[in-house]
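Asks: I would like the atomic coordinates for the input below:
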Amino acid sequence: MTKADIVASISEETGLERNEVQQVVETFMSTVKGSLSKGNNVYLRGFGSFIVKERAEKTGRNISKNTTIIIPAHNIPAFKPAKTFVEEVKTNVKVK
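Replies: Sure thing, here's the model as predicted:
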């Protein structure tokens, strides 16, 4: 499902214009990104949490030059679904 599909689905269910729904979806994503970039987590009860995870420094390999490189510690965004969300997906998704 793409962002356009989400906008179309919400527009059909609510009766709002697509451009209004798109603006709300874009604003939501911008707000979540802004919060995470400031180091703040976003919690949506019953859905999940957008969190900032810290990755430790580690060594890696540059295979083209066959050298070892140091990958510095850094933060990454992550999503942790709520337990009810996980259970719903477990019981409803059929394996192909």
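
Asks: Share the number of residues neighbouring residue 80, please.
Replies: 13 (other C-beta atoms under 10 Å). Where C-beta positions appear, they are placed from N, C-alpha and C, glycine not excepted.

Asks: and if you look at residue 81?
Replies: 14.

Asks: what residues are up against the residue nearest to it when sequence neighbours are not counted?
Replies: Nearest residue to residue 81, sequence neighbours excluded (C-beta to C-beta, 6 or more residues apart in numbering): residue 48, at 4.1 Å. Contact analysis of residue 48 by C-beta atoms under 8 Å, 6 or more residues apart in numbering lists 79, 80, 81, 82, 85.

Asks: Nearest to residue 11, out of those: which one, please.
Replies: residue 85 (23.2 Å; C-beta to C-beta).

Asks: Tell me the buried residues in the longest helix along the chain?
Replies: Among the segments of the chain that qualify as a helix by DSSP state H, the longest is helix 18-37. Buried positions in helix 18-37, judged by neighbour count with 16 or more other C-beta atoms under 10 Å: 21, 22, 32, 36.

Asks: what's that helix packed up against?
Replies: Contact partners of helix 18-37 among helices and strands, from 3 or more C-beta pairs under 8 Å, 6 or more residues apart in numbering; DSSP states H and E: helix 3-14, strand 42-44, strand 48-55.

Asks: Among those, which comes closest to residue 90?
Replies: strand 48-55 (14.4 Å).

Asks: Report the distance from the closest one to the chain centre.
Replies: In this view, strand 48-55 has its centroid 9 Å away from the chain centroid, taken as C-alpha atoms, centre = their mean, to the nearest Å.

Asks: avg pLDDT for it?
Replies: The average of the pLDDT scores along strand 48-55 is 96.

Asks: after it comes which helix or strand?
Replies: Next helix or strand after strand 48-55 toward the C-terminus (DSSP states H and E): strand 58-62.

Asks: now that next one: how far from the chain's centre is it?
Replies: 26 Å.

Asks: Sheet-wise, list the partners of it with their directions.
Replies: strand 67-71 (antiparallel) (DSSP bridges).

Asks: From the chain's centroid, how far away is the strand it pairs with?
Replies: 29 Å.
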